[in-house]
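**Student:** What would the 3D arrangement of this be:
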Amino acid sequence: MTMMKSRLRRLLGGKSRFSKSAAALDDIPDAAEVSSASSGTVSHDEDYSIDYEDPYADVRDEMERLAEQDRARYATHQLPSEHSEITVPSFSAYTVYMGYAMMIFWGHIHDFFAFLFSKGRYVRQESGLPGDNQKYFAPLLKSWEHFYTRRLYTRVQDCFNRPISSNPGAHIDVLERVSDNGQKTLKLLGSLDSLDNDQQKQEYLQGEHYLKTEDGSVARHCLNLGSYNYLGFADDWMSTCGPEVKASLKDFGVSSASSRMEYGTTTKHRELEETVSRFLGKEDAVVLNMGFNTNATTIPALVERGDLLISDELNHTSIVNGARASGAAIRIFHHNDADHLEEILRQAIVKGRPRTRRPWNKIMVIVEGIYSMEGEYCDLKNIVRVCKKYGAYIYLDEAHSIGAMGPTGRGISEYCGVDTADIDIMMGTFTKSFGGMGGYIAASKEVITFLREKCAASIYHNSLSPIVCQQCLSAFKVIMGEDGTNVGRQKLQALRDNSNYFRMKLKEMGLLVMGHYDSPIMPVMLFHATKISAFSRECFKRGLAVVVVGFPAVPLLVSRARFCISAGHTRDDLDRALAEIDEVADLVNLRYAKSVFG
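**Tutor:** Next comes the predicted model:
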């Protein structure tokens with residue numbers, strides 16, 4: 001008991017970091033000193049299967065074998081694990097560098113002649129405003145970032161920021177965009193009357209995926225392989241969550257128009273927090289209005305100067321921003337490498353702070369449940385073991401794993417067989433599996449009380465919409481089976497099956513697929529910047545809405561496409577997508593698992 005109270009004091013920073021006196025910790029009842037013993041962890045021996053017609057009966061055995069093999073290697077460690085680092089073929093590396101060098105070279109040539117003749121797409125036009133006088137006003141944009149945007153990004157910007165005109169279900173309607181200035185800017189096409197001639201109109205009208213929206217705008221009906229609609233609530237919203245969400249509008253406005261510290265807390269917020277804590281087996285939880293800011297504002301509230309953060313090298317930007325804003329010292333350990341983490345922890349404890357060698361006030365390790373650009377799940381069991389061994393706190397970001405992993409959707413802790421009582425801070429978002437927005441932090445009552453008073457997202461940000469709270473509550477009821485049906489279990493099973501089937505078939509094609517089985521995220525390596533646009537455009541022609549990722553979101557050499565699979569997809573949907581991707585892979589040369597030339 002004494003050890004637990006001391007641990008709470010260190011996490012909250014003692015008197016200087018928490019408004020209550022340290023003595024108040026002595027009044028915590030025994031039952032509240034640790035996280036609930038009922039962590040929600042389900043035995044790994046529990047069968048995933050449920051009673052419904054199996055669309056994957058013909059490949060079930062192979063899918064289960066591959067999934068169990070990955071889980072035994074990377075989650076339960078019944079088999080030796082293999083670190084799956086990206087190996088960039090030498091040929092690809094040379095040609096990628098050469099491609100970027102040529103684009104940069106010709107970009108500077110274009111800039112030179114534009115400056116020389118004062119003519120070009122990016123030549124600044126005089127506006128008559130005082131800001132035109134460069135003697136008195138510094139440029140707003142940095143030279144390299146502006147150059148990269150002008151001469152490299154605009155070449156492929158039609159592959160990003162595509163507007164939609166439907167819900168983000170398994171199928172999605174993407175509005176058509178055009179450019180009349182060499183892709184410097186893009187604008188919506190609007191109706192077919194905006195086209196120059198009848199031939200162009202006929203090309204759209206005869207297109208297999210042509211669609212006209214209610215206002216007459218031209219759109220393309222696509223199979224959605226990019227949205228975070230993991231459990232498919234966007235597909236059956238009217239029958240699962242819609243009635244309760246619509247009913248909540250009668251009692252609550254769309255916005256609370258206030259922060260949580262003022263008048264922004266409703267009964268829906270309290271009910272959602274209780275549901276989150278019960279679902280995860282933690283004492284308490286706080287819900288915030290933005291997933292990104294949940295990390296970016298919680299981390300600075302928990303650690304400060306004199307503390308040490310140890311972060312996985314592939315952690316999300318929100319974690320990076322939060323760590324930098326905290327003022328704490330930061331160390332990086334190799335991705336999913338518990339041995340390297342242990343080495344850093346040992347050195348940090350022995351050497352202490354730089355210069356003074358005084359011990360760190362506290363040490364916190366930050367990892368993710370599923371890494372969104374890699375599709376890999378965390379080696380949680382070993383990382384928790386190392387943290388407990390050295391007395392470090394662990395902060396787990398479950399943005400992509402909560403609701404998507406584990407037999408009952410309780411995330412990576414359930415999947416890896418780790419008791420949530422061993423995880424100090426559990427973070428997650430409602431934007432993926434729950435079809436809502438915002439995020440949560442689940443922890444002990446003392447930590448949550450502290451965050452309510454110190455976290456900027458709780459103090460200053462507008463609170464989460466009560467209507468969104470109801471959406472999340474309805475989704476939780478479905479997932480937990482509290483709606484009186486087995487729809488939640490069917491969704492979890494469908495997500496797992498769809499993901500494993502899609503991953504298995506992509507690998508059989510010879511594509512270089514990252515990540516682990518049972519993860520709904522499947523990155524496929526493209527490597528070349530030119531293949532980013534080629535792959536995206538060819539898929540879009542064939543009615544596939546895909547996400548492609550390049551520098552600076554990922555390192556220069558490892559551009560990729562990222563597929564996110566949903567429970568809303570059917571096997572026919574996935575087979576159609578696989579057939580189209582197989583064709584595109586030949587056109588773009590993507591079979592890197594079979595040949596270094598793709």
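**Student:** rest of the way, CA atoms for contacts and neighbours
**Tutor:** OK.
**Student:** buried sites along stretch 291-301?
**Tutor:** Neighbour-count burial for stretch 291-301 flags G291, F292, N293, T294, N295, A296, T297, T298, I299, P300, A301 (criterion: 16 or more other C-alpha atoms under 10 Å).
**Student:** Ok, stretch 121-129 next?
**Tutor:** Under 16+ other C-alpha under 10 Å, stretch 121-129 has no buried positions.
**Student:** And the contacts of it?
**Tutor:** Applying C-alpha atoms under 8 Å, 6 or more residues apart in numbering, the external contacts of stretch 121-129 come out as A114, F115, D132, R150, N181, K184.
**Student:** same check, this time on stretch 236-248
**Tutor:** The contact list for stretch 236-248 (C-alpha under 8 Å, 6+ apart) reads F233, P466, I467, V468, Q470, Q471, S474, A475, V478.
**Student:** Turn those into JSON lines, including secondary structure.
**Tutor:** Output for these, formatted as JSON lines (DSSP: H, G, I helix; E, B strand; the rest coil):
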{"residue": "F233", "secondary structure": "coil"}
{"residue": "P466", "secondary structure": "helix"}
{"residue": "I467", "secondary structure": "helix"}
{"residue": "V468", "secondary structure": "helix"}
{"residue": "Q470", "secondary structure": "helix"}
{"residue": "Q471", "secondary structure": "helix"}
{"residue": "S474", "secondary structure": "helix"}
{"residue": "A475", "secondary structure": "helix"}
{"residue": "V478", "secondary structure": "helix"}
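**Student:** Show me just the buried residues among these.
**Tutor:** By 16+ other C-alpha under 10 Å, the contacts of stretch 236-248 give F233, P466, I467, V468, Q470, Q471, S474, A475, V478 as buried.
**Student:** residues contacting the closest residue to the fourth one other than its chain neighbours?
**Tutor:** By the measure of C-alpha to C-alpha, 6 or more residues apart in numbering, the closest residue to V468 outside its immediate chain neighbours is G436, 5.8 Å from it. Each residue near G436 by C-alpha under 8 Å, 6+ apart is listed here: F430, V468, C469, Q471, C472.
**Student:** Count the neighbours of I459 for me.
**Tutor:** Counted by other C-alpha atoms under 10 Å, the residues lying close to I459 total 17.
**Student:** circling back: with the contacts of stretch 121-129 in mind, which one is nearest to N167?
**Tutor:** Using C-alpha to C-alpha, K184 comes nearest to N167 of the contacts of stretch 121-129, at 28.5 Å.
**Student:** roughly how far apart are the residue of the chain positioned farthest from its centre and G182?
**Tutor:** Centroid-distance maximum for the chain: F117 at 45.5 Å, with C-alpha atoms, centre = their mean. In this view, F117 and G182 are 19 Å apart by C-alpha to C-alpha, to the nearest Å.
**Student:** cool, and S499?
**Tutor:** From S499 to G182 the distance is 38 Å (C-alpha to C-alpha).
**Student:** out of these two, which sits in the busier spot?
**Tutor:** S499 (26 against 11).
**Student:** looking at it, the more buried one is touching I565, isn't it?
**Tutor:** Yes - S499 is within contact range of I565, at 5.8 Å (criterion: C-alpha atoms under 8 Å).
**Student:** Which neighbours do these two have in common?
**Tutor:** Counting by C-alpha under 8 Å, 6+ apart, the residues touching both S499 and I565 are P520, I521.
**Student:** The residue nearest the centre of the chain: what's it in contact with?
**Tutor:** Closest to where the C-alpha atoms of the chain average out (C-alpha atoms, centre = their mean) is S372, at 4.8 Å. By C-alpha under 8 Å, 6+ apart, the contact set of S372 is H316, H400, I521.
**Student:** and which of those residues is nearest to L506?
**Tutor:** For the contacts of S372, the nearest to L506 is I521 (12.4 Å; C-alpha to C-alpha).
**Student:** For the closest one, grab phi and psi.
**Tutor:** phi -110, psi 130 (degrees, to the nearest 10).
**Student:** Can you give me the neighbour number for it?
**Tutor:** 30.
**Student:** likewise the one 5 residues further on?
**Tutor:** Each residue near L526 was counted by other C-alpha under 10 Å, and the total is 29.
**Student:** got it, and the one 5 residues further on?
**Tutor:** Per other C-alpha under 10 Å, the neighbour tally for K531 reads 20.
**Student:** what does A529 give?
**Tutor:** For A529, the neighbour count with other C-alpha under 10 Å is 24.
**Student:** Go ahead and confirm it touches A561.
**Tutor:** No - A529 is not in contact with A561 according to C-alpha under 8 Å; the separation is 11.3 Å.
**Student:** Helices of the stretch 201-350 of the chain, start to end?
**Tutor:** 237-240, 242-248, 267-280, 291-302, 317-326, 338-351 (DSSP state H, counting those that start in this stretch).
**Student:** Looking at these, which one is packed in the most?
**Tutor:** Of the helices of the stretch 201-350 of the chain, the one with the most neighbours on average (mean count of other C-alpha atoms under 10 Å) is helix 291-302, at a mean of 23.
**Student:** And that one, what does it pack against?
**Tutor:** helix 317-326, strand 425-429, strand 439-443, helix 445-454, helix 456-459 (3 or more C-alpha pairs under 8 Å, 6 or more residues apart in numbering; DSSP states H and E).
**Student:** Who are the contact partners of G291?
**Tutor:** G291 neighbours (C-alpha under 8 Å, 6+ apart): A399, G428, T429, F430, T431, M437, G438, G439, Y440.
**Student:** Done for today, thanks.
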